[in-house]
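K.L.:
dropping a prediction and its sequence here:
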Amino acid sequence: MSLWGKTTKLNIRSISNNHLLHLYNFVILSNPNDNYELILETHSRCHFLS
């Protein structure tokens with residue numbers, strides 16, 4: 001059975017472009033839910049942030 005040419009609907013609700021790209025290989029240009037989580041770590045000798 002071939003699915004070539006069939007339409008698939010995907011309910012993406014409130015998914016960020018980062019997750020869309022990772023899971024489905026596309027992004028939405030005007031995505032109102034677009035965000036990106038940035039995790040920063042500091043070195044133990046970095047005193048100006050302590």
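P.N.:
That came in fine, so what should we check first?
K.L.:
so where's the chain uncertain?
P.N.:
1, 48-50 (pLDDT under 70).
K.L.:
in it, which spans are helices?
P.N.:
For the chain, the helices defined by DSSP state H cover 17-24.
K.L.:
centroid residue for it?
P.N.:
residue 18 (1.6 Å; Cα atoms, centre = their mean).
K.L.:
burial check on the closest residue to that residue other than its chain neighbours, number of neighbours?
P.N.:
Nearest residue to residue 18, sequence neighbours excluded (Cβ to Cβ, 6 or more residues apart in numbering): residue 36, at 5.3 Å. For glycine as for every other residue, the C-beta is placed from the backbone atoms N, C-alpha and C. By the other Cβ atoms under 10 Å criterion, the neighbourhood of residue 36 contains 8 residues.
K.L.:
hang on, isn't residue 36 packed against residue 20?
P.N.:
No - the criterion here is Cβ atoms under 8 Å, and residue 36 misses it with residue 20 at 11.9 Å.
K.L.:
okay, now residue 25: neighbour count?
P.N.:
Count around residue 25 with other Cβ under 10 Å applied: 7.
K.L.:
likewise for residue 15?
P.N.:
With other Cβ under 10 Å as criterion, residue 15 counts 17.
K.L.:
check contacts around the residue nearest to it when sequence neighbours are not counted.
P.N.:
Spatially, and ignoring its direct neighbours in sequence, residue 15 is nearest to residue 33 (6.2 Å; Cβ to Cβ, 6+ apart). Taking Cβ atoms under 8 Å, 6 or more residues apart in numbering, we find residue 33 in contact with 14-16.
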